[in-house]
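Trainee: Take this sequence and fold it.
(chains A, B, C and D)
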There are 4 protein chains.
Amino acid sequence: MTHVLGQNQYGKAENRIVRVRRDSTRHEIKDLNVSVSLRGDFEDVHRTGSNANCLPTDSTKNTVYAFAKQHGIESAEGFAALLARHFVENTERGVVRSARIRIEEYAWNRIPVANSPSPSGSSAESGHSFVRAGQEVRTTEVVYDGERFRVISGLRDLVVMNTTDSEFWGYLKDRYTTLQEAYDRILATQVTARWAFGFDGRDGQEQPGWNDSYQEVRRHLLEAFADTYSYSLQQTLHAMGTRVLDHRAEVDEVRLELPNKHHFLVDLAPFGLKNENEVYFAADRMYGLIEGTVHREGVTPVIPVS
Amino acid sequence: MTHVLGQNQYGKAENRIVRVRRDSTRHEIKDLNVSVSLRGDFEDVHRTGSNANCLPTDSTKNTVYAFAKQHGIESAEGFAALLARHFVENTERGVVRSARIRIEEYAWNRIPVANSPSPSGSSAESGHSFVRAGQEVRTTEVVYDGERFRVISGLRDLVVMNTTDSEFWGYLKDRYTTLQEAYDRILATQVTARWAFGFDGRDGQEQPGWNDSYQEVRRHLLEAFADTYSYSLQQTLHAMGTRVLDHRAEVDEVRLELPNKHHFLVDLAPFGLKNENEVYFAADRMYGLIEGTVHREGVTPVIPVS
Amino acid sequence: MTHVLGQNQYGKAENRIVRVRRDSTRHEIKDLNVSVSLRGDFEDVHRTGSNANCLPTDSTKNTVYAFAKQHGIESAEGFAALLARHFVENTERGVVRSARIRIEEYAWNRIPVANSPSPSGSSAESGHSFVRAGQEVRTTEVVYDGERFRVISGLRDLVVMNTTDSEFWGYLKDRYTTLQEAYDRILATQVTARWAFGFDGRDGQEQPGWNDSYQEVRRHLLEAFADTYSYSLQQTLHAMGTRVLDHRAEVDEVRLELPNKHHFLVDLAPFGLKNENEVYFAADRMYGLIEGTVHREGVTPVIPVS
Amino acid sequence: MTHVLGQNQYGKAENRIVRVRRDSTRHEIKDLNVSVSLRGDFEDVHRTGSNANCLPTDSTKNTVYAFAKQHGIESAEGFAALLARHFVENTERGVVRSARIRIEEYAWNRIPVANSPSPSGSSAESGHSFVRAGQEVRTTEVVYDGERFRVISGLRDLVVMNTTDSEFWGYLKDRYTTLQEAYDRILATQVTARWAFGFDGRDGQEQPGWNDSYQEVRRHLLEAFADTYSYSLQQTLHAMGTRVLDHRAEVDEVRLELPNKHHFLVDLAPFGLKNENEVYFAADRMYGLIEGTVHREGVTPVIPVS
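Mentor: Predicted coordinates for the structure are as follows:
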């Protein structure tokens, strides 16, 4: 009995690339992890052992490095778009119908250098020495199908905490409910955010300024987290998504995954001490997990539920 | 401007539970990691700060542990179905419209005991001492929407290797192709598999024997990997999926994610040595990543692309 | 002001190597992670920028792969001894005074094959298809200083659990003690064990049978864990170490690091249920950590405290 | 046959604690991971099952949280010293002879807040909203034996990169050497540093300003990495250690573990491109590992080799 070959894709994952620009003594670096995935006419590869339609994953890797040299890397999104279009448009016999490029980007800061003051007199930065900045990771996923692009950018591992302005009470109680209501609690989470752009590249539409957009979206997420007086992590999530849509016209949809990193007030009464919201146990697991999408009216959401 | 609240869900993730059955001196254990996710009428929770419709994630956690006591845990799938149905049918005011339960299960073996021979004379096993078996993890995801169940089971971190019977040649070559053809290579991968069942629980339909089904699917995946003379990892993937569908009537769809864990033949010529497929460097990254679905004709695939 | 350069060492770490023996259709594999560390006359390398005494780490890596071809890999310990001796004895100008080789070994099982019965009629195993066995890792560290070897072998990530025969009570109570005494608890741990051998290779002393020794030490650790009726994890640790020394003459010293993987009985009383040692929450952190050495009289312990 | 119980210790590991100071609307937080290890008179605990001398690990955990309330947490080192002294001096019957406290500290920054300008007119920071800063971790280990303290502080996961000013040539060549000399390479590493203090707390000696000391040591490590024109990672290591000793009188010894995170220049010649030190593959494993100690003359090094 013959079965159906459904959705399939392949490519080279996690190509780690560091690209250095040396136009001056002030070097610029991009530190990326690029994953390629091709969809197309690969029925024979699966069924017959013929690889005639199979561009090796090794070739896709080579392309990533060669393109980094030829085209430079202005932004993760722009680089991904370039690669995705290449695989669809230039692979022989049109076997690649759609390409998905995923990129993680790791941020670096310049190391301040004490002994070489800058011309302006302020403390100087090294031109070629860098230190990894933060633990958060910038992400993007670009799909090109020969007609249009779909771009979903994001970040993960952005860890934030409010030490007050968070309550949780008035909730639905069932027979398994034992939780005490909280009128002043720590709210902490490790943000995974993805956001989709209106841009699809048709009709000569220009790409947004990806890097500025990223910095601004990140800033609005942080500010919304800090500013929101919260009655639930859901409410905070909604405020964060809404804030981005309100301020960034290029973004149509925001999806957030917010683990509630529980900080439990430690009971110090047995030791004759009163814990006035000062000493917390930071738990690993289990954790609440709050996920949700906010999008513009009239827009069809495209960010998948994970 | 008001935006739309799209797909949203919440619950308690990664409830680690060990359930011991002590009916005799031969204890039985189940070691699970249970994640609950509820979808429903939570608009107000997000927008207004009213938690009237919000069953606390803490209550969903309590339910997991209480159900383990009340109902026991015969299989991950059966336990997940019980929980999913409970949240939809018993939560007040019908606010939960759909529930998704994900479970990871960790396997244990009994420790052989030298000095206490079994009645049958064979080497004895301890009744209460266990050692973790393998590194692979059994997974399931059950969704219940008030009408029907959707069950997707699977495994991950099953690491396998063929030291021969694998070739890769005759592939499409573009200007970025430098790969040498291989006529005898190592093929190694870390299997992530998910498979969907025909079972949906309507009309009094009985649940399959989940544990037997799991063992058999796992066996067929392994055998197909071992038996297939492979011209590409895609071909092996297809053989693995097909083998499961051929042998397990309860399964309608199989999706596999197979990283190509590259083993590169080390060039020993500079040292006057000939490497006759004996010495390999096992690389971490980058890696090929081959993904695909095989399903029965007439069935609509439900396993999402990750 | 000149400071002193103290202990220093360098080399190539984590050389991942898979070695296949193809003498028959029944292949044999060794899957290792080899780390080289050289100590010696490297003062100038650190101070002056002269690399005249610096054998590149890349060369040490090449040596690992070349030796795997030339000498095969009978055991991790034997292979490590060969490498350690080479670096000390063959590096030019005697700059390497001592070499330390650390190896992790990953175990594999053969995949059973249904359709190709073995000559003996029993269920057959594949000759070239393997599946990773367990999650535990075999370890060794061999140091050679030009005169003698010091061998410390071990394992890690061996996860074990007793569902009964464990108590904990009668302990010292201070003003911060709130723990309830336990008369029947789960005892679970993730064993890290290291053991030192009497072997030092002088006077033509022969190497022990490393592979047999490993299997037997592992067996005795498991049996002692299973057999010991325990009043503390310390007591279990002591029993495990003692059992190895009692049964394995080649071992002089055993050190164990046993995290107490707490399994907390869940309070089900609020739900009208009685938890008769059946339902546990498996916690991640914090955890008890019990460490200790047992050694033969007259032997000076050599395994460092970590 | 009776064997000897050698070095042993136990305690509660990885107590995760967040301490909030709420003296004003500008909260202060400390985020720590505290591990306790007690050494002493525990022979019976191991041999006889008597726990009369065994202070439960649970009590040591409670002590950590209670002390955080009672004494606050000015610095990781100060808090560790307080705990270590307590366990030795206050545990009944003098059973604890020595205590080791290890702490990891995670840094947080304040989230800038757009809409609430600070009195000074500069951009404002939130008083209660924080974002995790960097991925590096501050560490300390304090041992107290009833007479004196030994303090070893440090950091890990500080990732740094120089895109030029690094060469490697003129090295020793053996028959396994194939490495090409490099006259301009990327030098990148993930710093693990530990440094020991002269402070031992006897004769009323005052504790150094631990927090200032940490910031300054970290700064000197970064500056030395950035400033050193390097002919080997060993040379950079030596410069980093020396710089700390030259500038920080309270530090007697510095030990560094520097994995050489290789960045390999990608060969683009097959694609007709010239790679002028612009495009690198960032490898995971294998990696060079360079370790060494620099200490003041007359000081006996105390930081163990790992």
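
Trainee: Sketch out the strands for chain A, chain order is fine.
Mentor: A:4-13, A:15-21, A:28-40, A:96-113, A:124-144, A:149-162, A:187-197, A:251-260, A:263-265, A:279-282, A:287-295 (DSSP state E).

Trainee: Residue C:236: which of those strands is closest?
Mentor: Residue C:236 lies closest, by CB to CB, to one member of the strands of chain A: strand A:279-282, at 27.3 Å. C-betas here are computed from N, CA, C, even on glycine.

Trainee: so what strands line up beside that closest one?
Mentor: strand A:263-265 (antiparallel), strand D:15-21 (antiparallel) (DSSP bridges).

Trainee: can you pull up the bridge partners for the nearest residue to residue A:150 once chain neighbours are set aside?
Mentor: Spatial nearest neighbour of residue A:150, excluding adjacent residues (CB to CB, 6 or more residues apart in numbering or on different chains): residue A:143 at 4.7 Å. Residues in a beta bridge with residue A:143, per DSSP bridges, are residue A:100, residue A:150.

Trainee: Would you pull up the residue in chain A closest to chain C?
Mentor: Closest contact between chain A and chain C, by CB to the nearest CB, is at residue A:284 (4.5 Å).

Trainee: ok, and the closest non-adjacent residue to that residue?
Mentor: Closest to residue A:284 by CB to CB, 6+ apart is residue C:284, at 4.5 Å.

Trainee: What of residue A:21?
Mentor: Nearest one to residue A:21, counting by CB to CB, 6+ apart, is residue A:28 at 4.1 Å.

Trainee: Surely the one you found touches residue A:20?
Mentor: Yes. Counting by CB atoms under 8 Å, residue A:28 does reach residue A:20; the two are 7.4 Å apart.

Trainee: Those two: which is more packed in?
Mentor: Between residue A:28 and residue A:20, counted using other CB atoms under 10 Å in any protein chain shown, the more crowded position is residue A:20 (20 against 15).

Trainee: beta partners for the more buried one?
Mentor: Going by DSSP bridges, residue A:20 forms beta bridges with residue A:29.

Trainee: Name all residues that make contact with it.
Mentor: A:27-29, D:163, D:186, D:277-280 (CB atoms under 8 Å, 6 or more residues apart in numbering or on different chains).

Trainee: With adjacent residues omitted, what lies nearest to residue A:138?
Mentor: Nearest one to residue A:138, counting by CB to CB, 6+ apart, is residue A:105 at 4.1 Å.

Trainee: show me what contacts that neighbour?
Mentor: A:30-33, A:76, A:137-140 are the contacts of residue A:105 under CB under 8 Å, 6+ apart.

Trainee: cool, residue A:252 as well?
Mentor: A:196-198, A:245, A:295-296, A:299.

Trainee: which one of those residues sits closest to residue C:150?
Mentor: Of the contacts of residue A:252, the one sitting nearest to residue C:150 (CB to CB) turns out to be residue A:196, at 59.6 Å.

Trainee: Who are the contact partners of the closest one?
Mentor: A:150-152, A:251-253, A:295, A:301-303.

Trainee: Ok, residue A:276 next?
Mentor: residue D:22.

Trainee: Could you report the distance from the residue nearest to residue A:296 when sequence neighbours are not counted to residue A:245?
Mentor: Leaving aside its chain neighbours, residue A:296 sits nearest to residue A:252 (5.2 Å; criterion: CB to CB, 6+ apart). For residue A:252, the distance to residue A:245 equals 8 Å [CB to CB, to the nearest Å].

Trainee: Check the contact lists of the two and give me the overlap.
Mentor: With CB under 8 Å, 6+ apart, residue A:252 and residue A:245 have common neighbours A:295-296.

Trainee: Who are the contact partners of the residue of chain A closest to chain C?
Mentor: Counting by CB under 8 Å, 6+ apart, residue A:284 has contacts C:284-285, D:16.

Trainee: same question, residue A:266
Mentor: A:275, A:279-281, D:65.

Trainee: run the last query once more with 10 Å
Mentor: A:273, A:275, A:278-281, D:17-18, D:61-62, D:64-66, D:68-69 (CB atoms under 10 Å, 6 or more residues apart in numbering or on different chains).

Trainee: Ok, residue A:285 next?
Mentor: Here residue A:285 is in contact with A:259, A:262, B:12-16, B:33, C:281-285 (CB under 10 Å, 6+ apart).

Trainee: Next, format the contacts of residue A:20 as TSV and append pLDDT.
Mentor: Listed next are the contacts of residue A:20 as TSV, based on pLDDT from 0 to 100:
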residue	pLDDT
A:27	98
A:28	97
A:29	98
D:163	98
D:186	98
D:277	97
D:278	97
D:279	98
D:280	98
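
Trainee: Counting neighbours, which of those residues end up buried?
Mentor: A:27, A:29, D:163, D:186, D:278-280 (16 or more other CB atoms under 10 Å in any protein chain shown).

Trainee: Residue A:69 contacts residue D:269, doesn't it?
Mentor: No. The pair residue A:69 / residue D:269 is not scored as a contact, 11.1 Å apart, by CB atoms under 10 Å.

Trainee: shared neighbours of these two, which are they?
Mentor: If you check residue A:69 and residue D:269 against CB under 10 Å, 6+ apart, the residues they both contact are residue D:275.

Trainee: and chain A, which residues reach chain C?
Mentor: Counting by CB under 10 Å from any CB of the partner chain, the residues of chain A close to chain C are A:175-178, A:267, A:270-272, A:281-286.
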